[in-house]
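Asker: all I have is the shape, not the residue letters:
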C-alpha cells in the first residue's frame, strides 16, 4: 500500500528547494531529483521525470506554457489523457519507492495542477512555501529560466494570478504555510511546525549542516 504524498509548492523562487531538502534529510523519499546549478546550488529536489513527463506534458496538452509562466491556467481542471496517479507512482517505484514509505513531490508548477493532485491524491499533505514578495521578484529577475515577462510589474501580475490558485487550494486541501526565510535562519518554531505536520523525524544536525543562510539569500 503506497501512501499519499507530501506536496510542496509555492511561487517560483520562494525557497521550496530548501524545504524539500529538509523533508528529504528527515526521511521522505523524493526519487531521482535534479542536481544543483548556479540557480540552486544545493539542488532542486524536483523529480526530473515527473516534471518533464507529467507536469509539463499536461500543461502543453491543455494549451499552456510548459514552464508555467505564460499563459497559465487559473483554477482550472485540466484534461489528462492518462492515469495521473499510476504514472507518478510508476516513476517513483522504478526509482526505489517502497510501500508505506513517506514520499514527497516538489514543483512550483503544482500550483497550476493542484486540482488534478487533489482529485488523485485527496489525502495528500500540502506545504505552501511563502517568501517575501520583493525577494521572490528579485530572485526571478536574476534567474535565467524565468524569462516570460520583461519587468517587475509584469512579474507582480503573474504572482497575483498564481495566488488565486494558492488561495483556492488552501481552502480545499490539508495544508500548512511555511516561511522559508524563517527556516533559512534555523527558526526552530518553523522547523518543528514542518516536522510535526509531515510526521517525520527531525535530524537537527543534518538540517543545520544543510541550511546556508548566505546561499539562500544569494
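Answerer: Sure thing, it's come through. Being a predicted model, the structure only gives us computed values, none of them experimental. Numbers count the residues shown, from 1 in each chain.
Asker: now residue 181: closest residue in space that isn't a chain neighbour?
Answerer: Distance criterion Cβ to Cβ, 6 or more residues apart in numbering; nearest residue to residue 181, sequence neighbours excluded, is residue 131 at 5.9 Å. In this view, the C-beta of every residue, glycine as well, is placed from N, C-alpha and C.
Asker: which ones are touching that neighbour?
Answerer: By Cβ atoms under 8 Å, 6 or more residues apart in numbering, residue 131 lies in contact with 10, 11, 13, 14, 15, 179, 180, 181.
Asker: endpoints of stretch 1-13, how far apart?
Answerer: End-to-end distance of stretch 1-13: 34 Å, with Cα to Cα, to the nearest Å as the criterion.
Asker: state the mean pLDDT of that stretch.
Answerer: For stretch 1-13, the mean per-residue pLDDT is 97.
Asker: for stretch 155-170, same thing?
Answerer: 97.
Asker: that one: how far from the chain's middle?
Answerer: Here the centre of mass of C-alpha atoms in stretch 155-170, compared against the chain's by Cα atoms, centre = their mean, to the nearest Å, lies 14 Å away.
Asker: buried sites along that stretch?
Answerer: The neighbour-count check on stretch 155-170 (16 or more other Cβ atoms under 10 Å) flags 155, 158, 159, 161, 162, 165, 166, 168, 169 as buried.
Asker: output those in CSV; the columns should cover secondary structure.
Answerer: Shown next, in CSV, are these (DSSP: H, G, I helix; E, B strand; the rest coil):
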residue, secondary structure
155, helix
158, helix
159, helix
161, helix
162, helix
165, helix
166, helix
168, helix
169, helix
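Asker: which of the residues you listed sits closest to residue 121?
Answerer: Lowest distance from residue 121 to the buried residues of stretch 155-170 (Cβ to Cβ) belongs to residue 169, with 12.3 Å.
Asker: quick one: list the elements packing against the helix or strand harbouring residue 197.
Answerer: Assigned by DSSP states H and E, residue 197 falls within helix 188-198. With contacts taken as 3 or more Cβ pairs under 8 Å, 6 or more residues apart in numbering; DSSP states H and E, helix 188-198 sits against helix 16-25, strand 125-130, strand 174-179, helix 180-184.
Asker: next secondary structure after the first one?
Answerer: Reading on from helix 16-25 to the C-terminus, the next helix or strand found by DSSP H and E is helix 48-50.
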